[in-house]
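In: got a sequence here, can you model it:
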Amino acid sequence: MKLYLTILLYSLLPKSLTLQSQTNIDTSNWIMSPGIIGTITLIVIVLVVAIIILLARLGNFVGRFKHQQIEKETLAFHEDLIKLEEGEIDEILLKRKKALQFRLKGNELGSDETAIDSKGLLKQMSNSPHNPFFDEKKKTSPKLEISSQLEKLILWYIGAAVFWLVCGTLIGQYLGMKFVWPEIDQISWLSYGRLRPVHTNTVFWGWASMAMIGLGYFVITRTSNTTIHSYKLGWIAWLSINLSVLIGNICLMSGINNGGGEYREYVWPVMALFAIGLVLTFLNFYKTVAQRKISEIYISNWFILASLAWTIILSIIAYIPAYQNGLGETVIQGYYMHQGVGMWFMTFTLGLTYYYLPSALNKPIYSYSLGVLAFWTQMLFYTLIGTHHFVFSPLPWWLQTVAIVFSAGMFIPVVSGSTNFLMTMKGSWSHISKSYVLPFFLVGVIFYFVGSTQGSFQAFRFTNFIWHFTDFNVAHSHMTMYGIISFILWACIYTILPKITGKEPPQIFVGAHFWLAFIGLFAYMISLMAGGTLKGLSWVEGNAFIESVVLMQPYWMWRAVGGSLMFVSHLIFAYNFYYMAKKSHITKSSTAIVNKTVTA
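Out: Sure thing, here's the model as predicted:
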């Protein structure tokens, strides 16, 4: 009966909705396609931002050089002053004394009333109207007074994330070198097919997920003005997620996997551990927000709680086998793959940005309304775009069309969020040369706009026809997961860790981390975008597959170079984290000794 109803339904629908109407696409004028032009424009935007940051850094260097020159001139003046006659010195001193006697009345810009801070809320004061306080480079930072339990929990979550970042990208580095030297090994558990999912799952579930949750614990408590509901649940979730990544990687390298499901290669018992960690984290966050001491729920908590809720549902849907037969598994795969990136990583990270970016700039978010608009349109459009990974596949034509239309709809949340963040940074551009946090935020926000918009362009049928199954997709995934997620997570970590540990990382190492990661990513994605485009055109022309392999050799070399720079930056980041976390322990020990001495 179901079969007859299905046949009847498809016979009534227009053929344009159910069947592919075009088998061949003219690629003779491919470079004038809107998707291609849009992608090139977006790449130029990234390049311009890099130049701006570089010029700001150079300007800061020139400023320091000029300051040194002024100091030399001052010293020379002092030496000349010594050589003056006594009468000449007296004349100079009288003029100076007269100048120093000038005083402002104190009410030029306000009233005669004295400002009183009866509750002791102010930490710093300034007469400058240009918002001078922000997270700038400095040798010391006031330590936030937070619970030692919360500090330990955050450090352990971020510490585990750093460990998985180094491990996961070490494997990625090895895989990148396999493209250049494919004969590098003959060991089965080091084969590309087994190591590639180890790399992706480690950086997804180990690095990004652990870092997001650790940073989220601070946001949830601060915006709710209360304590964590249960530290025990936090530690159980920490153990569960780490065991999931560890056991899952051992299974993958042993050849035990979930088949062809990209990003869900872990078998269900392993993924169940991760799901348990998510459920416990959601319960902990939800209970904390529920017992908040203020009436409002800040926009960050909207994003964070929504991402946890969606991902719990997603994990269940992705591993229920009942409706995943044949093309049904393909539909679920597209749903899972894009929901995992968009509703877990992107949504959670945006929630962190809504807290940590204004905190770093010491100003409120530009528009709460834009944040709400971005939230609800993200919930609406992102849930139906997974099938754009399977354009020109045997899936129903209408389902592919819906995915493309909703991919275009993603312009709304992306433009809303990007505008909100950039307008929040407005007036603080001069601080980029003085802060090691803001360049990470700026690159992350720009890539949020560029990477997400480019993904919408890539969903169009013409660009999909050229780029699908090529290395261009690898470039796009790194543009988003690395350029957006990782850079924003680094910005948040560099924002909060010095405040809770009381120790700033070495400035030169943070700068090295930023530039190596940024230049490495740029080299990585540009090489694979160019090579992937040429590979797609080669396939369209009907050339032998081996020709596209030979064509990619120089681009794979640049991929390895870019990946190497990125991996070195991760080692530097790991040292920076160790430097900050280690100092926290020393500071506590020293404080305890001082307290004992005072008591004695």
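In: how far off centre is stretch 398-406?
Out: Relative to its chain's centre, stretch 398-406 lies at 27 Å (Cα atoms, centre = their mean, to the nearest Å).
In: ok, stretch 349-369 next?
Out: The answer for stretch 349-369 is 14 Å, by Cα atoms, centre = their mean.
In: likewise stretch 553-565?
Out: 22 Å.
In: average pLDDT for that stretch?
Out: For stretch 553-565, mean pLDDT rounds to 95.
In: next one: stretch 197-214
Out: 96.
In: how near is residue 177 to residue 534?
Out: For residue 177, the distance to residue 534 equals 22 Å [Cβ to Cβ, to the nearest Å]. Quick note: C-beta positions are derived from backbone N, CA and C, even for glycine.
In: do the same with residue 393
Out: Applying Cβ to Cβ, the value for residue 393 to residue 534 is 23 Å.
In: same thing with residue 295?
Out: 57 Å.
In: these two - which one has more neighbours?
Out: Higher neighbour count among residue 295 and residue 534: residue 534, with 17 against 5, using other Cβ atoms under 10 Å.
In: and the helix or strand harbouring residue 55, how far out from the chain middle?
Out: Secondary structure from DSSP states H and E places residue 55 in helix 34-83. Centre-to-centre, helix 34-83 and its host chain are 26 Å apart (Cα atoms, centre = their mean).
In: again with stretch 148-164
Out: On Cα atoms, centre = their mean, the centre of stretch 148-164 falls 18 Å from the chain's centre.
In: ok, stretch 508-515 next?
Out: In this view, stretch 508-515 has its centroid 17 Å away from the chain centroid, taken as Cα atoms, centre = their mean.
In: stretch 556-576 now?
Out: 16 Å.
In: for it, buried residues please.
Out: 556, 558-570, 572-576 (16 or more other Cβ atoms under 10 Å).
In: got it, and stretch 169-187?
Out: Buried residues in stretch 169-187 (16+ other Cβ under 10 Å): 169, 171, 172, 173, 174, 175, 176, 177, 178, 179.
In: hey, C-alpha coordinates of it in PDB?
Out: Extracted in PDB, the C-alpha atoms of stretch 169-187 (Å, rounded to 0.1, in the frame of the first residue of the first chain):
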ATOM      1  CA  THR A 169      47.100  17.800  14.300                       C
ATOM      2  CA  LEU A 170      50.200  15.700  14.600                       C
ATOM      3  CA  ILE A 171      48.300  13.000  12.800                       C
ATOM      4  CA  GLY A 172      47.000  15.500  10.300                       C
ATOM      5  CA  GLN A 173      50.600  16.700   9.700                       C
ATOM      6  CA  TYR A 174      51.600  13.000   9.100                       C
ATOM      7  CA  LEU A 175      48.700  12.600   6.600                       C
ATOM      8  CA  GLY A 176      49.600  15.800   4.800                       C
ATOM      9  CA  MET A 177      53.100  14.400   4.300                       C
ATOM     10  CA  LYS A 178      51.700  11.200   2.900                       C
ATOM     11  CA  PHE A 179      50.400  13.200  -0.100                       C
ATOM     12  CA  VAL A 180      54.000  14.300  -0.800                       C
ATOM     13  CA  TRP A 181      55.700  10.900   0.100                       C
ATOM     14  CA  PRO A 182      53.000   8.200  -0.300                       C
ATOM     15  CA  GLU A 183      55.500   5.500   0.300                       C
ATOM     16  CA  ILE A 184      56.400   6.800   3.700                       C
ATOM     17  CA  ASP A 185      55.000   3.600   5.500                       C
ATOM     18  CA  GLN A 186      53.500   0.200   4.800                       C
ATOM     19  CA  ILE A 187      51.800  -0.300   8.200                       C
END
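In: list the contacts of it.
Out: For stretch 169-187, the surrounding residues in contact (Cβ atoms under 8 Å, 6 or more residues apart in numbering) are 190, 192, 195-196, 198-199, 202-203, 552, 556-557, 559-560, 563-564, 566-567, 570.
In: same question for it, mean pLDDT?
Out: Rounded mean pLDDT across stretch 169-187 is 91.
In: just stretch 72-88 next, same as before
Out: 70.
In: distance of the closest residue to residue 466 other than its chain neighbours from residue 39?
Out: Once flanking residues are discounted, residue 466 sits nearest to residue 536: 4.0 Å by Cβ to Cβ, 6 or more residues apart in numbering. Distance, residue 536 to residue 39, using Cβ to Cβ: 13 Å.
In: can you show me the CA trace of the helix or strand where residue 444 lies as PDB?
Out: If you go by DSSP H and E, residue 444 is part of helix 438-458. Output of helix 438-458 as PDB, limited to C-alpha atoms (Å, rounded to 0.1, in the frame of the first residue of the first chain):
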ATOM      1  CA  LEU A 438      41.800  41.000  19.400                       C
ATOM      2  CA  PRO A 439      43.700  39.800  16.300                       C
ATOM      3  CA  PHE A 440      42.400  36.300  17.000                       C
ATOM      4  CA  PHE A 441      38.900  37.600  17.400                       C
ATOM      5  CA  LEU A 442      39.100  39.700  14.300                       C
ATOM      6  CA  VAL A 443      40.400  36.800  12.200                       C
ATOM      7  CA  GLY A 444      37.700  34.500  13.600                       C
ATOM      8  CA  VAL A 445      34.900  36.900  12.900                       C
ATOM      9  CA  ILE A 446      36.100  37.600   9.400                       C
ATOM     10  CA  PHE A 447      36.400  33.900   8.700                       C
ATOM     11  CA  TYR A 448      32.900  33.500  10.100                       C
ATOM     12  CA  PHE A 449      31.600  35.800   7.400                       C
ATOM     13  CA  VAL A 450      33.900  34.600   4.700                       C
ATOM     14  CA  GLY A 451      33.800  30.900   5.400                       C
ATOM     15  CA  SER A 452      30.000  30.700   5.900                       C
ATOM     16  CA  THR A 453      29.200  32.900   2.900                       C
ATOM     17  CA  GLN A 454      31.600  30.800   0.800                       C
ATOM     18  CA  GLY A 455      29.800  27.700   1.900                       C
ATOM     19  CA  SER A 456      26.500  29.100   0.700                       C
ATOM     20  CA  PHE A 457      28.100  29.900  -2.700                       C
ATOM     21  CA  GLN A 458      29.500  26.400  -2.800                       C
END
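In: helices or strands up against that helix?
Out: helix 34-83, helix 347-361, helix 397-409, helix 411-425, helix 461-467, helix 472-480, helix 487-501, helix 507-540 (3 or more Cβ pairs under 8 Å, 6 or more residues apart in numbering; DSSP states H and E).
In: of those, which is nearest residue 157?
Out: Closest to residue 157 of the helices and strands packed on helix 438-458 is helix 487-501 (Cβ to Cβ; 10.6 Å).
In: can you pull out the low-pLDDT segments for this structure?
Out: Within the chain, the stretches with pLDDT under 70 are 1-31, 57, 60-65, 77, 80-81, 83-84, 86, 104-142, 260, 583-600.
In: in TSV, list the helices and strands packed on helix 438-458 along with distance to residue 451.
Out: Listed next are these as TSV, based on distance: least, Cβ to Cβ, whole Å:
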stretch	distance to residue 451
helix 34-83	8
helix 347-361	12
helix 397-409	13
helix 411-425	9
helix 461-467	14
helix 472-480	4
helix 487-501	11
helix 507-540	9
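In: quick one, which of the ones you listed gets closest to residue 581.
Out: Residue 581 sits nearest to helix 487-501 of all the helices and strands packed on helix 438-458, at 6.4 Å, using Cβ to Cβ.
In: with only the CA atoms kept, save that closest one in CSV.
Out: The C-alpha coordinates for helix 487-501 follow below in CSV (Å, rounded to 0.1, in the frame of the first residue of the first chain):
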residue,chain,number,x,y,z
PHE,A,487,40.7,31.1,16.2
ILE,A,488,37.8,32.1,18.3
LEU,A,489,38.5,29.4,20.9
TRP,A,490,42.1,30.7,21.1
ALA,A,491,40.9,34.2,21.5
CYS,A,492,38.6,33.2,24.3
ILE,A,493,41.3,31.1,26.0
TYR,A,494,43.8,34.0,25.8
THR,A,495,41.1,36.3,27.2
ILE,A,496,40.1,34.3,30.3
LEU,A,497,43.1,32.2,31.4
PRO,A,498,45.3,35.1,32.3
LYS,A,499,42.4,36.5,34.4
ILE,A,500,41.8,33.3,36.4
THR,A,501,45.5,32.3,36.7
